[in-house]
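Novice: when you get a sec, could you give me coordinates for this:
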Amino acid sequence: MAVLHPFRALRPVPDKAAEVASVPYDVVDTAEARALAEGRPLSFLHVVRPEIDLPAGADEYAPETYERGAANLRAFAGNGASVQDEPSVYIYRLEMEGRTQTGVFGCVSVEEYDNGIILKHEKTRPKKETDRVRHIVTQQAHAEPVMMTYRNADRIDALVASETASEPLYDFTAEDGVRHTIWKAKQRKELVDAFEGVEHLYIADGHHRCAAASRAAAEMREASAGLPEAEFFPAVLFPMSELRILAYNRIVRKLPAPADGFLDRLAARFALSVDSGEKTPAEPGSVCLYLDGRWHTMSLPATERDEVADTLDVARLSEHLLEPEFGIMDQRLDPNIDFVGGIRGTAELERLVDSGRAELAISMYPTSVEELLAVSNAGLLMPPKSTWFEPKLRSGLLVHLFE
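Specialist: Just a heads-up that it's a prediction; the model follows:
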């Protein structure tokens, strides 16, 4: 059973929604956030990236940063640009390049995350978790939702279709061209009841926010300051048929040999099409390599390991190329590798290599939603940076307060 919990959303008044809505905290660094928020006092980046309001060079993990975020959230709640709803559930539609995905926006249960009803597929970093815990506890709120998925359910599909036939609460197109539409559900109880028939929810994007919500709730319980709403956190729940996963590409900073010699080594070990010109793999099981100004296509051998996670292209790449050729055993820690979201395209891969910032770029075939579910159901974790979800949810539209 999946718990869908209505919540009293703090949200912008409709004519301020586009001004408030911001990219999530984890897709921009401090400098990028400061640039995006410049001249936009209502941007929610002032809440999720509050260091932008402190002097340049301020420590984003200092106590005053978290206090500034809490103060900015209180200011948003009291500046006349926001209202707070009665307990509600919402429908959130994203439209990008003519393609739409529509999900149910409510709160989910910390207990179900802890007990494995909500399944994960990614390892989290304690430092990043702790940062979000401090924001949650200091703000007494969850400022941003998580993206989750579930196996399609006809009853939920029908309810969502009915809700989206009405007038939306918000409907605007952000500066990146993505259209965001939100409805306040009239059939709240029916949606809550329908999710009781969903066996599992799967985290798509937002593992650190989930882990932080769990830790924050536990911390507040232990401090005898537990609040009922802290036992839930906001999520947008998309049916798996509508979820879009892009490739998560790689760059390697240094080759173990000159480019020509390295290609000879690869040709001796793999099925390699030199100078193929193909920039993206046509099918699973192959990758495209960019080095020395040319694109090449390489097939990945099957895994010799035992778990379902080892069958993923990103795992086979590590097993057969990154580990033996580069000695990259932990992609999270090795400075010789970095990751490039598929939304940036192959032009970004070429730029990084041509500029000298890397010597090799690897264009991947996207992980599928079914692969994500298979790994999650097995209780396993994917290799680092296996999935890139696009489009992203906007922050600041529906904020979950604890009181």
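Novice: contacts, neighbours, all on C-alpha from now
Specialist: Will do.
Novice: so Ile182, which of the three states?
Specialist: The local conformation at Ile182, judged by DSSP: H, G, I helix; E, B strand; the rest coil, is strand.
Novice: check contacts around it.
Specialist: Counting by C-alpha atoms under 8 Å, 6 or more residues apart in numbering, Ile182 makes contact with Tyr90, Ile91, Tyr92, Arg93, Pro168, Leu169, Tyr170, Asp171.
Novice: now it: closest residue in space that isn't a chain neighbour?
Specialist: Leaving aside its sequence neighbours, Ile182 sits nearest to Tyr92 (C-alpha to C-alpha, 6 or more residues apart in numbering; 4.6 Å).
Novice: tell me the spacing between that neighbour and His207.
Specialist: Tyr92 sits 20 Å away from His207, taking C-alpha to C-alpha, to the nearest Å as the criterion.
Novice: strand partners of the one helix or strand the residue nearest to Ile182 maps to, parallel vs antiparallel please.
Specialist: Element membership for Tyr92, per DSSP states H and E: strand 90-96. Sheet neighbours of strand 90-96, with direction, are listed as strand 99-109 (antiparallel), strand 179-184 (antiparallel) (DSSP bridges).
Novice: buried set for it?
Specialist: Using 16 or more other C-alpha atoms under 10 Å as the test for burial, strand 90-96 gives Tyr90, Ile91, Tyr92, Arg93, Leu94, Glu95.
Novice: ok now it, how far from the chain's centre?
Specialist: 16 Å (C-alpha atoms, centre = their mean, to the nearest Å).
Novice: counting neighbours, what do you get for the nearest residue to Ser368 once chain neighbours are set aside?
Specialist: Nearest residue to Ser368, sequence neighbours excluded (C-alpha to C-alpha, 6+ apart): Ile245, at 6.8 Å. Neighbours of Ile245 under the rule other C-alpha atoms under 10 Å: 19.
Novice: contact partners for Ile245?
Specialist: If a contact means C-alpha under 8 Å, 6+ apart, then Ile245 has Pro366, Thr367, Ser368, Val369, Thr387, Trp388, Phe389, Glu390 as its contacts.
Novice: can you tell me which residues contact the first one?
Specialist: Same thing as Pro366. Ile245, Leu246, Ala247, Tyr248, Pro284, Thr387.
Novice: quick check, central residue of the protein?
Specialist: Asp205 (3.0 Å; C-alpha atoms, centre = their mean).
Novice: in which helix or strand would I find the closest residue to that residue other than its chain neighbours?
Specialist: In space, and not counting its chain neighbours, Asp205 is closest to Met147: 5.0 Å by C-alpha to C-alpha, 6+ apart. Using DSSP H and E, Met147 sits in strand 146-150.
Novice: about what we covered before: as JSON lines, the buried residues of strand 90-96 with pLDDT would be great.
Specialist: What follows is those, written out as JSON lines (pLDDT from 0 to 100):
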{"residue": "Tyr90", "pLDDT": "98"}
{"residue": "Ile91", "pLDDT": "98"}
{"residue": "Tyr92", "pLDDT": "98"}
{"residue": "Arg93", "pLDDT": "98"}
{"residue": "Leu94", "pLDDT": "98"}
{"residue": "Glu95", "pLDDT": "98"}
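Novice: closest to Glu219 among the residues you listed?
Specialist: Nearest to Glu219 among the buried residues of strand 90-96: Tyr90, at 28.8 Å, using C-alpha to C-alpha.
Novice: re earlier: top of the contacts of Pro366 by neighbour count?
Specialist: Thr387 (26 neighbours).
Novice: walk me through the domains of the protein.
Specialist: The record, using automatic domain parsing to delimit domains, assigns the chain the ranges 9-245+390-401, 248-365.
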